[in-house]
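The following comprises the amino acid sequence and a computationally predicted model.
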Amino acid sequence: MMRIVRIAVLAALIGASPAAADFVVEDAASWRGDANCSWYHWESFSSASAATGPNFPTNEPFPSGESMLFNFSDGAVVSGEGNIYGFGGPLNIHTYMYTSSDVQQVVANISMHGTELLYDQVMLVWTDGVEGGEDGFLMADVAINYWEEVDFGGGVGAIASVSYAFDVSSVTADIREVGLMFQTAAPHSSLDAVAIDIMTVPAPGVGAVLAIAGVGTRRRRR
């Protein structure tokens, strides 16, 4: 009987979701698409557990290994719509991104259905990518871009699209790896989509090479 009830809850949650998995409202970074900026977008998941491997962004033509998303909680499944559904417990999501130059800004968008996020516990962790090197973390205020109450069969939840903006430009370390970590409050939550924008400084040496080339040109003209 309990199994039938749980299946009914899962079916109700999926039925309450929009037909296409993505953001209802996304507050994308204003600098998305600019030079020295990267964008990673997950809107369909293939792995519900870290034990079965990472989820690579769906906007990359081939998994580059520069970004990955894992669920570290037990009892999750991938729904028919490609969402990660917390069937037996809350979700515990970690994303990891790797860069070739110093990170300055990170903007994260998250779309959830059902049981809500622990909104004030979403965290950005960072490291300089060197073993034993510098690392730290940062919290940011949530922006609720869309929120709609829904009864998904296991209780009242919501369809929510939220965003966070992290400014790490004042960190003196040369940040080469960042991770966004978030959890839901209880079971029966469904991760619909995640988007992460990263702004970095230009690669070291590019400006210097251009400056040297310019000086050489001026000297030849003289």
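Happy to help now that I have it.

okay, CA-based contacts and neighbour counts for the rest of this
OK.

which regions of the chain sit below the pLDDT cut-off?
In the prediction, the chain carries residues with pLDDT under 70 at positions 1-21, 61-64, 153-154, 203-222.

the strands in it, which residues?
37-42, 67-71, 76-78, 84-86, 92-98, 103-114, 123-127, 135-139, 143-151, 156-167, 177-183, 189-200 (DSSP state E).

In JSON lines: these, plus distance to Gly53 and mean neighbour count.
Written out in JSON lines, the entries for those read as follows (distance: least, CA to CA, whole Å; neighbours: other CA atoms under 10 Å):
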{"stretch": "strand 37-42", "distance to Gly53": "15", "mean neighbour count": "20"}
{"stretch": "strand 67-71", "distance to Gly53": "7", "mean neighbour count": "23"}
{"stretch": "strand 76-78", "distance to Gly53": "13", "mean neighbour count": "20"}
{"stretch": "strand 84-86", "distance to Gly53": "13", "mean neighbour count": "27"}
{"stretch": "strand 92-98", "distance to Gly53": "12", "mean neighbour count": "19"}
{"stretch": "strand 103-114", "distance to Gly53": "21", "mean neighbour count": "24"}
{"stretch": "strand 123-127", "distance to Gly53": "21", "mean neighbour count": "20"}
{"stretch": "strand 135-139", "distance to Gly53": "25", "mean neighbour count": "14"}
{"stretch": "strand 143-151", "distance to Gly53": "30", "mean neighbour count": "15"}
{"stretch": "strand 156-167", "distance to Gly53": "26", "mean neighbour count": "20"}
{"stretch": "strand 177-183", "distance to Gly53": "17", "mean neighbour count": "20"}
{"stretch": "strand 189-200", "distance to Gly53": "17", "mean neighbour count": "25"}
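
Serialize the ones you listed to TSV and add fields for distance to Thr58.
Supplementary listing: the strands of the chain in TSV, determined by distance: least, CA to CA, whole Å:
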stretch	distance to Thr58
strand 37-42	5
strand 67-71	11
strand 76-78	15
strand 84-86	14
strand 92-98	14
strand 103-114	15
strand 123-127	21
strand 135-139	26
strand 143-151	22
strand 156-167	18
strand 177-183	17
strand 189-200	10
